[in-house]
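**Student:** Predicted structure and sequence below. I'll ask about it afterward.
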4 protein chains.
Amino acid sequence: MKPNAEMLTAILEEVRPLIGQGKVADYIPALAKVSNHKLGIAVYTNQGDMITAGDAHEAFSIQSISKVLSLTLAMGLYLPNELWQRVGKEPSGQAFNSMIQLEMEQGIPRNPFINAGAIIVADMLQSRLSAPRQRLLEFVRKLSSNPHVVYDKVVAASEMMHSDRNAAIAYLMRAFGNFDNEVIPVLNNYFHACAIKLSCVDLARTFSYLANKGCMVDGGKRIVTETQSKQLNALLATCGLYDGAGEFAYRVGMPGKSGVGGGIIAIVPGDMTIAVWSPELDRSGNSLAGTQALELLSERMGRSIF
Amino acid sequence: MKPNAEMLTAILEEVRPLIGQGKVADYIPALAKVSNHKLGIAVYTNQGDMITAGDAHEAFSIQSISKVLSLTLAMGLYLPNELWQRVGKEPSGQAFNSMIQLEMEQGIPRNPFINAGAIIVADMLQSRLSAPRQRLLEFVRKLSSNPHVVYDKVVAASEMMHSDRNAAIAYLMRAFGNFDNEVIPVLNNYFHACAIKLSCVDLARTFSYLANKGCMVDGGKRIVTETQSKQLNALLATCGLYDGAGEFAYRVGMPGKSGVGGGIIAIVPGDMTIAVWSPELDRSGNSLAGTQALELLSERMGRSIF
Amino acid sequence: MKPNAEMLTAILEEVRPLIGQGKVADYIPALAKVSNHKLGIAVYTNQGDMITAGDAHEAFSIQSISKVLSLTLAMGLYLPNELWQRVGKEPSGQAFNSMIQLEMEQGIPRNPFINAGAIIVADMLQSRLSAPRQRLLEFVRKLSSNPHVVYDKVVAASEMMHSDRNAAIAYLMRAFGNFDNEVIPVLNNYFHACAIKLSCVDLARTFSYLANKGCMVDGGKRIVTETQSKQLNALLATCGLYDGAGEFAYRVGMPGKSGVGGGIIAIVPGDMTIAVWSPELDRSGNSLAGTQALELLSERMGRSIF
Amino acid sequence: MKPNAEMLTAILEEVRPLIGQGKVADYIPALAKVSNHKLGIAVYTNQGDMITAGDAHEAFSIQSISKVLSLTLAMGLYLPNELWQRVGKEPSGQAFNSMIQLEMEQGIPRNPFINAGAIIVADMLQSRLSAPRQRLLEFVRKLSSNPHVVYDKVVAASEMMHSDRNAAIAYLMRAFGNFDNEVIPVLNNYFHACAIKLSCVDLARTFSYLANKGCMVDGGKRIVTETQSKQLNALLATCGLYDGAGEFAYRVGMPGKSGVGGGIIAIVPGDMTIAVWSPELDRSGNSLAGTQALELLSERMGRSIF
């Protein structure tokens, strides 16, 4: 069954009772103060239809969802060999910011979506781009067709104030010879990427290239090759939801990526791009109501990759 | 493009030069003596066409591929809650037979496809079936439409002689209260399941229910519900290839399961079931030439879940 | 100052208020039912004086203290090279029954006083003695000058009923090739050794060879060489108190060995042998009041190895 | 037997053939270029006799031996509770610069002699001293009775250039709330302490307070209380030789501390202080010939704490 506004609205009402059972990210004040009652969803079909419900037009901090955008940029700047010798493609089996695995595996992060891996990608962007922060912002504005996208400076600064663990991760990788630039500026760029603000509508538009064999739905511009699009979806499916990737695949059955701001994007390759937002998180750090909404949507539409 | 015998034959010739670069499993003599030159492939479409090339009709030890069959049986005997409180659904991020994670996570294996998880499933089958070994054999004979399927008694006995690590795993889970029966009989059943002999043709037929929304292609008999079929494919996609699930998704883009006998099954949901066989393994324990054959097949057919 | 009965009695009264703040070992019923109010101490000087206070004459389960006796026996049966290639001499830095380190270090236990190491010693005794259990009992009877020493059969049987973790440890070492006999009989011997019953007086007499350069104080019979005596004391000092060896050295300053029955032996080389008993344990599994009594005794006598 | 110059000279000749079998520390150039043929020993008795052989008067980089001096200073500035809530007293069971244990144990280092623990001590000195670097230097000059002791600025700067792993350790502890100052200045002080240059003669004099119940042998000035002296020796005995503390106790039987410059100090409480130097290290990072010289000396003198 095709998605429509009624279906989306019904799903939001069905998952709304979950609000109160999760926990808004509170490691920085700027995130903690977001209302836990926000709830939105947007579905962008490959035919160019945008269907929405709830707070789908309100921008929020995309946090780790930005890791997909940084990786996409890096895949355009580096050969596969160059990229994948510095970061792996396997699920981590540990919390997103654990250093144990990183030390055991000699400073090579498991995948580009745990913090260590995303910091490597930021280090690689820093090495090849003269103004990586500006470049990433332009990229997102183009993908979202929204020229007003900005970094939330308060969030970025606040993250920088709480960056000790990420600094430890970066220095450990440097100790293993897997880090080329100064730690602080790279972290600063990394935190800015996390502090990008987008709405569900922006997000669904931004990631439509992953549903459309590498090309933006709106205008058709090629962002990555068809093969790269497949590869990105594969990485999302196995590593996109921290330590909850298996559960997400089992319940939702779509490649996806979450952020601690409460957003999740999910892809039905060849068909549509979905974005949901609900700030309260489950124990793995993924949006509680957002995951449930995606599960219901998958069921109602009868669509998944499996 | 649709697969045909010429395509399959061409792919086998293209991957044949990889033979010599991997390593046949040699932890038991019965596996070590299989010729490393065996190479076969079978594609079974949801329309009922069986397309083959190479040694597709020769039976071999399916080893860990049997874990999918045991889990399928268990899903029919237990409620989801009963099953998933004893074994997880997440990729492990460690070698298939490591005990470190198992101890850290209090005796709950990460997923049903690492050894610890499959041993839990064997323990659960033992608790609910009066003759689990006979029952599994009948199940496989039905699925493969091959009444001649047998256990390789030499392989099973040989595995039992080298079962110390699996015994350690079972006893550790028992120490955590996650094991109900005597260790030795459960391991014996577990090793018999691994010692089932099937050809690529048998395997492609056997797993057609995962490509066909839970029903066997031949005859249409329902094996699992449509939802369970989705769930099984999700588990295969995130956990089916030991510590190489991410790489397999990236290159092949299909849910799959490998065994150290050199077999791999792969599913294109809604479309077809594929089985390959080449005994030499890569460092993660997955068939080297088999994986490459699946990657080429995915490219040539333009088919993957991503 | 020399120890005397008044000093010992005063120390026991001083530590008695700690009773109620620890926890009696309860993993087997036979240990759990010992009264937590038992409190005894015995000091046996190299001049042959036995000074006691409290429940010093009541026998209790020596548990891990037996590991020193088994090791002493093994040092007489094996060359140092044979022994120390199978078990290390380093503190473990992890709980006494953890398997993580054992797997990381390829089945070679850190030292002979963690469970894994003591099980290796039991395996080695099994390989060279025709009746290891009888032999150990005779050895203890000789050392303690007490022909009535027995195994507590109820404790040994109860341990065997709760042996899953130790079985897991033994099988893991077997998987690494560091175990020569059948697991069950070796564990049975190991649990019998733990189930030896001795009083503080027996214990102080039993271990006098470690205070007396390798010879029993009573009669002067040589048990180990002077060098071996030094080596055993060194092992006790660095590895004798599970994960609390550093704290014990810091507070008490004597080589020692504890058991979960609440006993501790401590050595002042060249001077005296001490045994204390109080069943409640601290978080590391060492007798809470017993450790405190030893600390006070060390202070009052002005004696330690540091 | 009492030590004399002939005994020391004979021992040095006996261990000299070991040179060539170890490995000089080469992680910074300034250490790598020290001649591997240096070999010296000094014994300083509590009666004030200094007995030497070989290169006993040549100053070298004391490296981790400085950790004992920093801890001694900190014990004078902090109450035991304040100190020991931030760093443990247990052997680590892992390499001296591993982060795995540090993460598992929530940023509390196992003991003050692994890098993480020494960095905590440096952080604590920074918090309470206005010029910690100058203060430490004055302290060492007083203890060694050598006003010419200096920091090797080249070594300190070179360490700072290779400080990524130590920075990672410091940031990780900060992430756990166990670090109060800025990372870089604390590391700078830490590396300066490691870069102190002392000869064997200087070292034996410097640490005489540990052999003499807390008072310098020369002049009798009290440095720590008698109890603190016992405690420091206990920490040296269980944690002083990285991951080789057990082996050192077994072979040498004295509290000791090593540095990657090839120096080792060893204490016979109540009797004498010993310093050896030979730059080649064994696999645990302790001086190969130095350890052997101490083992022979312990045997020849018939002196150890066991």
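**Tutor:** Yes, it's here.
**Student:** Just give the nearest non-adjacent residue to the closest residue to chain D within the stretch 201-306 of chain A, would you?
**Tutor:** Residue nearest to chain D within the stretch 201-306 of chain A: residue A:243 (15.5 Å; CB to the nearest CB). Bear in mind the C-beta positions are built from the backbone N, C-alpha and C, glycine included. Residue nearest to residue A:243 in three dimensions, not counting chain neighbours: residue A:284, with 5.0 Å by CB to CB, 6 or more residues apart in numbering or on different chains.
**Student:** Just confirm that neighbour contacts residue A:246, I think it does.
**Tutor:** No. If you go by CB atoms under 8 Å, residue A:284 and residue A:246 don't touch, sitting 10.2 Å apart.
**Student:** ok, these two, which is more surrounded?
**Tutor:** Using other CB atoms under 10 Å in any protein chain shown as the criterion, residue A:284 and residue A:246 rank with residue A:246 on top: 25 against 18.
**Student:** Assess the claim that the more buried one and residue B:88 are in contact.
**Tutor:** Yes. Counting by CB under 8 Å, residue A:246 does reach residue B:88; the two are 7.2 Å apart.
**Student:** hey, what's in contact with both of those two?
**Tutor:** residue B:111 (CB atoms under 8 Å, 6 or more residues apart in numbering or on different chains).
**Student:** ok, the residue lying farthest from the centre of chain A to chain B distance?
**Tutor:** What lies farthest from the middle of chain A is residue A:175; by CA atoms, centre = their mean that is 27.7 Å. Here the distance between residue A:175 and chain B works out to 22 Å (CB to the nearest CB, to the nearest Å).
**Student:** Just confirm that residue contacts residue D:168, I think it does.
**Tutor:** Yes. Residue A:175 is in contact with residue D:168 according to CB under 8 Å; the separation is 6.1 Å.
**Student:** and the helix or strand hosting residue A:238 with helix B:226-239, angle?
**Tutor:** Element membership of residue A:238, judged by DSSP states H and E, is helix A:226-239. Helix A:226-239 and helix B:226-239 are oriented at 100 degrees to each other (axes from the mean of the first three to the mean of the last three CA atoms, to 10 degrees).
**Student:** Give me every residue in chain A lying close to chain B.
**Tutor:** A:88-94, A:101, A:110-111, A:229-231, A:233-235, A:237-239, A:243-247, A:249-250, A:253, A:255, A:269, A:304-306 (CB under 8 Å from any CB of the partner chain).
**Student:** Kindly write the PyMOL command that selects the buried subset of these.
**Tutor:** Buried residues within the residues of chain A next to chain B, by 16 or more other CB atoms under 10 Å in any protein chain shown, are selected in PyMOL with:
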select buried, chain A and resi 88+89+90+91+92+93+94+101+110+111+229+230+231+233+234+235+237+238+239+243+244+245+246+247+249+250+253+255+269+304+305+306
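**Student:** Among the residues of chain A next to chain B, which ones are in helices?
**Tutor:** Among these, the members found in helices (DSSP state H) are A:101, A:229-231, A:233-235, A:237-239, A:245-247, A:249-250.
**Student:** quick one: low-confidence ranges for chain A?
**Tutor:** Applying pLDDT under 70 to chain A flags the ranges A:95-96.
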